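Undergrad: Below are the sequence and a predicted model; questions follow.
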Amino acid sequence: MKYPPGSFSKNFAWHGTGLLKLHTAICRGFQNRLEPVERQSFRNDSGLDGSLSLIPINFFLHNHNGRMSVDELVFRAIEYPHSTHFDRLGLFSLHLNKAGSGDHVVECPIMWANEFVRECLWSNGTWQSSALQDGTLDPFFEDRVDAKSEARLKCRSNYRHLFELCKFWPSSTSLINSGAEQWIMPALFLAWDRHILNGGLDDEMSLLKLIDSDELYKLLGANREYVIMCADNLVEIYIDVGRLARFQKTKKPPTSEIWMDTAFQQEFIELPEESGLGWLEQQGVDEAVERRSAERQELKRDRKKAAVLKQHYDNTCMFCGTRLQITYDGYYSEAAHIKGLGEPHNGPDKISNMLVLCPNHHLQFDRGVLRLYKEGASYRIKSKIKGDPLHGKAIALTHPVDEDFIKYHHDWVGQM
Ligand SMILES: [Zn+2]
């Protein structure tokens, strides 16, 4: 099918600052609030001058019935400073264009971009830089964009420039290292947000189905199995934090310094049942994640100890440093047992047998892709993935860990 070039052939004048202009326009247009705004007031407040500069916004933001929607992209702009991660999420949002049907006809200003990624850019589990060369881009535009060659070339330049702004292009390697694992969580949340905003079903099965039906893994530039694994982890979190309702501001949780020190003096600390601490919400998330595994459910471990440890590390993954923000003011991490709790390991449910990890690295640790070994006084990560940047990285342990458990996990993984 051929698509009209629309305004994508205009001059966007990004001026090499990445998608900072988009970031700024979102913050201003929404007045730094996570509430939908009328399209007209967004235009007035966004601070972008004139019609030409405003045009790109339509390609990135979702709007419905004259209102600009709040989604993960808007959340990231308002809550975080501008970064390459934001730019990549912005490019992903542009690729999320899809054709609608029935009552929910989705605006698809540049459906060809979505098709380009799925048909040309993605191959063998990642993005191929050769697809961004003229030799591939030009025939594609000729085939899909209904315009004279001058307008087509302008579309092509604008489109490829977005990859430049995202630091995907030019590339010195045949594979574009999208670093998808660094932005997969916001990307999946954004894809699910858009799906629901477009009237899609919001149950777990429907959300997971998008990985294949919309080929989200191709849009992410990542291996299908990897994306399914991450989505399986993240979908329950997404549902538990309220899907789109997560943007409604909640009370800020109180800080935990008061009880942290005491907590670490005794490993079996009991926190008051009705403590009203901010992480009670977080515990709801834990429960959802744990439902995933019948095995874990049977173990009925004491989550309070895990919560203490997660608080100690401020919900920051000890391996990659990610602090996964999942709501307006909530963060998420998981407590991983070093020596497994169930058969055949029978490890203890103690803080000295736990690490605090992000969901992805928890999974990789449990499956033996990652393990720890001791070198001198510090522990380092050993990865089975070729070229894994985590391989050899020293981790900072600031809670007492039993060396025997680490050795047990290390040796057990070695036998696998
Ligand atoms: Zn991690």
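TA: Everything's here; your move.
Undergrad: Check what pLDDT the residue of the chain positioned farthest from its centre gets.
TA: The outermost residue of the chain relative to its centre, with distances by Cα atoms, centre = their mean, is residue 148 at 38.2 Å. As predicted, residue 148 sits at a pLDDT of 93.
Undergrad: now do residue 79
TA: 86.
Undergrad: Please report how far it lies from residue 325.
TA: Per Cβ to Cβ, to the nearest Å, residue 79 is found 7 Å from residue 325. To be clear about C-beta, it is placed using only N, CA and C from the backbone, and glycine gets the same treatment.
Undergrad: Check residue 155 too.
TA: Here the criterion is Cβ to Cβ. By it, residue 155 lies 35 Å from residue 325.
Undergrad: Repeat that for residue 82.
TA: Applying Cβ to Cβ to residue 82 and residue 325 gives a distance of 16 Å.
Undergrad: What of residue 381?
TA: The gap separating residue 381 from residue 325 is 24 Å, by Cβ to Cβ.
Undergrad: neighbours around the residue of the stretch 101-250 of the chain found nearest the ion, how many?
TA: Residue nearest to the ion within the stretch 101-250 of the chain: residue 181 (8.5 Å; Cβ to the ion). Using other Cβ atoms under 10 Å, residue 181 has 17 other residues around it.
Undergrad: didn't it look like it was pressed against residue 360?
TA: Yes - here residue 181 reaches residue 360: they are 6.3 Å apart, a contact under Cβ atoms under 8 Å.
Undergrad: any residues in contact with both of these two?
TA: residue 230 (Cβ atoms under 8 Å, 6 or more residues apart in numbering).
Undergrad: show me what contacts the residue of the stretch 101-250 of the chain closest to the ion?
TA: 222, 226, 230, 360.
Undergrad: okay, those residues in CSV with neighbour count and pLDDT next?
TA: Formatted as CSV, the contacts of residue 181 follow (neighbours: other Cβ atoms under 10 Å; pLDDT from 0 to 100):
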residue, neighbour count, pLDDT
222, 22, 88
226, 16, 84
230, 23, 84
360, 23, 87
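Undergrad: Can you tell me which of those residues is nearest residue 166?
TA: Closest approach between those and residue 166, by Cβ to Cβ: residue 222, at 15.0 Å.
Undergrad: Pretty sure that closest one sits in a helix.
TA: No - applying DSSP: H, G, I helix; E, B strand; the rest coil, one finds residue 222 to be coil, outside a helix.
Undergrad: What does the residue lying closest to it once chain neighbours are set aside show for phi and psi?
TA: With sequence-adjacent residues excluded and distances taken as Cβ to Cβ, 6 or more residues apart in numbering, residue 222 is closest to residue 180, at 4.0 Å. Reported as degrees, to the nearest 10, the phi and psi values for residue 180 are phi -60, psi -30.
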